[in-house]
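J.: below: sequence and its predicted model.
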Amino acid sequence: MGRDSPYARIHPPHLDGTLRSLRGEFRLEQLGGARTRLVGTTWYVLDIGPRSYWRLWSDALIQAIHSRVLRHIARLAER
C-alpha cells in the first residue's frame, strides 16, 4: 500500500481496535412435552470505533456463527 500512496505511512486508526470473544455457551432449556430449546450466548468486548457502526457488524457476525452452529446441531439431532 505504501508504494501506491504519495504518503510515507498510512495508518487508519479505525483498524486499531478489536472484537474479543470472552465466553460462549450453548444451553439446553426444557420446554415440556418432550421438547427442548437450545440457546446460544456469547459475551464479547468490542473495542473499535465508532462503536455504533461496528456493533451492527459484530452482532451480525455473532448471530451468523450461532445460526450455523444451531443448524448443524439440529441436523445431527434430527437424524
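T.: Alright, I've got the coordinates. Numbers count the residues shown, from 1 in each chain.
J.: what's the pLDDT at the residue most central in space within the chain?
T.: In the chain, the residue lying closest to the centroid (C-alpha atoms, centre = their mean) is I62, at 2.3 Å. I62 is assigned 93 on the pLDDT scale.
J.: low-confidence regions, the protein specifically.
T.: 1-3, 14 (pLDDT under 70).
J.: just the strands in it please.
T.: Assigned strands in the chain, in chain order: 18-32, 35-47 (criterion: DSSP state E).
J.: now the angle from the last one to strand 18-32?
T.: Relative orientation of strand 35-47 versus strand 18-32 (axes from the mean of the first three to the mean of the last three C-alpha atoms, to 10 degrees): 160 degrees.
J.: name every strand pairing with strand 35-47 and say which way it goes.
T.: The pairing partners recorded for strand 35-47 under DSSP bridges are strand 18-32 (antiparallel).
J.: not counting its own residues, what contacts the partner strand?
T.: Applying C-beta atoms under 8 Å, 6 or more residues apart in numbering, the external contacts of strand 18-32 come out as 36-48, 54, 58, 61, 69-70, 73. Using the backbone N, CA and C atoms, a C-beta is placed for each residue, glycine as well.
J.: just the buried subset of the residues you listed, written out for ChimeraX, thanks.
T.: In ChimeraX, this line selects whichever of these come out buried by 16 or more other C-beta atoms under 10 Å:
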select :40,42,44,48,54,58
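J.: contact partners for I48?
T.: 14, 16-19, 54.
J.: one step back: in contact with the residue nearest to the centre of the chain, which residues are there?
T.: 42, 44.
J.: ok, the closest residue to G40 other than its chain neighbours to P13 distance?
T.: Nearest-residue entry for G40: H66, 4.1 Å, with adjacent residues in sequence omitted and distances by C-beta to C-beta, 6 or more residues apart in numbering. Counting by C-beta to C-beta, to the nearest Å, the gap from H66 to P13 is 30 Å.
J.: state the number of residues packed around G24.
T.: 14 (other C-beta atoms under 10 Å).
J.: next one: G17
T.: Neighbours of G17 (other C-beta under 10 Å): 14.
J.: good, we can wrap up now.
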